[in-house]
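Enquirer: one predicted model, sequence on top.
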Amino acid sequence: MGTMLTRPPGHRRDVTLRPAATAMVFVGEGQPHETIAVPGVALADGDVLVAVELSTICGSDVHTVQGHRPAPVPLVLGHESVGRVIALGDTGATATDGAPLRIGDRVVWSITVSCASCDRCLCGLPQKCRTLGTYGRDRIGVHGELTGAFGSHMQLRAGTTIVRVPETLPASVLAPASCATATAWAAVARAARHRDLDGARVRVHGAGLVGLSAAAIAAEQGARVEVLDPNDERRARAREWLAPRGTRSRSERSETRDSAPFDAAGTPEPDIVIEASGHAVGEALDGVAVGGIVVLVGSVFPADRVPLDAESVVRRLVTVAGVHNYTGSDLAEAVAFLAGRGRAYPFADAVGAVRPLSDLDGALAEASVPGAPLRIGLLPGR
């Protein structure tokens with residue numbers, strides 16, 4: 001491919017990989033991925049090398065290969081994975097629980113790499129770090145080739161949040177945690193800063209994986225939830241997700257099934273609206289109750305500008321918040337949810353198909369068609 005890689009300065013530990021790691025490199029719209037072999041890596045202090053167990057295709061990956069999002073090619077796409085630690089830099093690394101990571105630990109990790117010392121990191125916005133790195137979005141170069149999830153291994157740099165995960169949770173549940181579930185947790189947590197969720201009326205626009213995850217998280221915190229989506233199949237899937245499963249006294253108060261919408265005649269409007277589709281921003285702003293909050297989490301792709309009735313927002317005392325990605329604590333909380341009360345929900349069914357990594361182009365095409373599964377999984381080594 002003609003890419004010149006430069007060894008970064010500083011202390012490094014060379015790790016040889018036999019057999020060599022593989023990575024699928026995106027070189028541009030309309031072009032097939034190229035497979036490269038990576039026979040070794042240079043781990044800096046704090047770096048971690050993981051062998052990927054399973055990766056999943058996010059909607060942003062599809063948008064990138066379709067040319068809807070600019071991408072600094074060549075790069076390795078993908079940012080939803082679960083894997084196992086196989087090597088550490090000489091100084092080791094620490095998981096979010098404060099304990100040192102060890103060879104063999106099963107882990108998930110954050111999309112972003114943050115410095116922890118700039119003004120944004122220090123004020124609680126590490127996902128907007130001044131020197132931000134992003135897995136699946138950064139061009140192959142000084143940090144090596146294993147920088148995205150669509151490979152057999154990933155090199156996690158110092159400044160990445162790494163969370164140990166239970167051996168008993170399926171990989172299909174854990175891989176999307178580092179994007180969909182953690183982002184959904186961040187959106188619900190932002191709403192909870194404004195309004196106690198216990199007994200709150202929550203409307204979620206969009207029955208994709210972020211929207212369904214947010215609905216489940218809110219329901220488990222005592223909210224009455226409804227999910228709106230223009231697609232009949234997706235609405236039916238939302239009802240299935242939020243149907244009572246086992247004994248869940250709090251989520252049994254959810255009215256997301258066949259009940260009337262909150263703004264039907266004589267029914268209160270929602271206290272909280274989480275817009276997870278990117279296509280219903282105006283509806284979300286118009287439909288929230290007086291004193292409510294609208295959390296925008298789905299508007300992450302280029303789209304037409306949305307007209308804003310500022311007078312209505314002001315007079316109704318509406319709070320509008322944007323959530324993009326998440327913090328390390330959001331990821332840890334999302335994993336704890338999946339390992340706990342989240343087990344009652346069909347997160348394992350979100351991955352509707354699993355393909356070999358070598359068939360990445362076919363899997364991306366499958367993920368882009370109407371009616372595609374919430375996620376398509378990719379298995380390395382097949």
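Expert: Alright, I've got the coordinates. Residues are numbered from 1 along each chain as shown.

Enquirer: the lowest-mean-pLDDT helix or strand in the chain: how far from the chain's middle?
Expert: Per-element confidence for the chain was summarised using mean pLDDT, DSSP states H and E. The lowest value among helices and strands belongs to helix 232-242, with a mean of 92. Computed by C-alpha atoms, centre = their mean, to the nearest Å, the chain-centroid distance of helix 232-242 equals 20 Å.

Enquirer: what comes up buried for it?
Expert: By neighbour count, and taking 16 or more other C-beta atoms under 10 Å as the criterion, the buried residues in helix 232-242 are Arg234, Arg237, Ala238, Trp241, Leu242. Every C-beta, even on glycine, is put in place using the N, C-alpha and C of the backbone.

Enquirer: which of the residues you listed sits closest to Ala95?
Expert: The shortest approach to Ala95 among the buried residues of helix 232-242 belongs to Trp241, at 29.6 Å (C-beta to C-beta).

Enquirer: which non-adjacent residue is nearest that closest one?
Expert: Closest residue to Trp241 apart from its sequence neighbours, by C-beta to C-beta, 6 or more residues apart in numbering: Leu212 at 5.1 Å.

Enquirer: just the residues contacting whichever helix or strand comes after the least confident helix or strand of the chain, thanks.
Expert: Scanning forward in sequence from helix 232-242, with DSSP states H and E defining helices and strands, the next element found is strand 272-275. Residues outside strand 272-275 that contact it (C-beta atoms under 8 Å, 6 or more residues apart in numbering) are 187-188, 191, 194-195, 197, 200-206, 211, 214, 218, 223, 281, 284, 287-288, 292-299.

Enquirer: likewise stretch 95-108?
Expert: For stretch 95-108, the surrounding residues in contact (C-beta under 8 Å, 6+ apart) are 48, 50, 53, 81-88, 92-94, 161-167, 174-175, 177-178, 328-329, 331-332, 335.

Enquirer: mean confidence score for stretch 82-100?
Expert: In this model, stretch 82-100 carries a mean pLDDT of 97.

Enquirer: just want the angle from the helix or strand hosting Ala215 to helix 232-242.
Expert: Of the helices and strands defined by DSSP H and E, Ala215 is found in helix 209-220. In terms of direction (axes from the mean of the first three to the mean of the last three C-alpha atoms, to 10 degrees), helix 209-220 departs from helix 232-242 by 30 degrees.

Enquirer: quick check: closest non-adjacent residue to the residue sitting nearest the centre point of the chain.
Expert: Nearest to the centroid of the C-alpha atoms of the chain, with distances taken as C-alpha atoms, centre = their mean, sits Cys179, at 0.9 Å. Taking C-beta to C-beta, 6+ apart as the measure, Cys179 lies nearest to Glu80, with 4.8 Å between them; neighbours along the chain are not counted.

Enquirer: Ala44 versus the one you found, what's the distance?
Expert: To Ala44, Glu80 is 24 Å away according to C-beta to C-beta, to the nearest Å.

Enquirer: check Pro126 too.
Expert: With distances defined as C-beta to C-beta, the gap from Pro126 to Ala44 amounts to 19 Å.

Enquirer: compare these two (neighbour count), which wins?
Expert: It is Pro126, of Pro126 and Ala44, that has more neighbours when counted by other C-beta atoms under 10 Å, with 24 against 19.

Enquirer: is the nearest residue in space to Arg12 that is not next to it in sequence bridged to anything, and to what?
Expert: In this structure, Arg12 finds its nearest non-sequential neighbour in Ala42, 4.0 Å apart by C-beta to C-beta, 6+ apart. Here Ala42 sits in beta bridges with Asp14, as judged by DSSP bridges.
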